[in-house]
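Engineer: Predicted model follows, preceded by the sequence.
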Amino acid sequence: MSDDRAPSAEPAAVQVENAENVNVSPVGHELPHARAIIAITFLILAAFVVVTFWVLTSAEGSGIDAATKGMVIQTWNNLAIGSAGFWVGSSVAGKMGAGSARAP
């Protein structure tokens, strides 16, 4: 079986001196297809806003009960918690970058 992937031009240089100090060169730190990811994310969020509005403003005889409305609200709650966790985690990871480690 052959490997169809082309070898990369230059592998990233990684130095590991000990478990507390790992140096990785800053090669390729750009997010590939960032604009497409952002556009699709906002499209999905916009669609979910429309569905949420439809569910929460539905008439009483439409077959949408309180449990369904509660699940939609809980989904927004989970999205908010996940987003906050992502931003806190990425902020901490950014502060742990090269040269910003603090002595205990």
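Structural biologist: Nice, I can see it. Numbers count the residues shown, from 1 in each chain.
Engineer: Give me the local confidence score for Arg35.
Structural biologist: Note on Arg35: pLDDT of 89.
Engineer: Let me see the backbone angles for Leu31.
Structural biologist: For Leu31, the backbone dihedrals (degrees, to the nearest 10) come out as phi -80, psi 120.
Engineer: per-residue pLDDT, it?
Structural biologist: 71.
Engineer: residues touching it, list them.
Structural biologist: For Leu31, the contact set (C-beta atoms under 8 Å, 6 or more residues apart in numbering) comprises Ile37. Where you see a C-beta, it was placed from the backbone N, CA and C, and this is true even at glycine.
Engineer: Helices of the protein, start to end?
Structural biologist: 34-56, 66-95 (DSSP state H).
Engineer: Export these to CSV and append columns for distance to Glu20.
Structural biologist: As requested, the helices of the chain are exported to CSV (distance: least, C-beta to C-beta, whole Å):
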stretch, distance to Glu20
helix 34-56, 32
helix 66-95, 15
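Engineer: For Val72, see how far away Leu31 is.
Structural biologist: 30 Å (C-beta to C-beta, to the nearest Å).
Engineer: coming back round to it: least reliable of the helices of the chain by average pLDDT, please.
Structural biologist: Looking at the helices of the chain, the bottom one is helix 66-95 with a mean of 86.
Engineer: Let me know the angle separating that one from helix 34-56.
Structural biologist: 150 degrees (axes from the mean of the first three to the mean of the last three C-alpha atoms, to 10 degrees).
Engineer: packing partners for helix 66-95?
Structural biologist: With contacts taken as 3 or more C-beta pairs under 8 Å, 6 or more residues apart in numbering; DSSP states H and E, helix 66-95 sits against helix 34-56.
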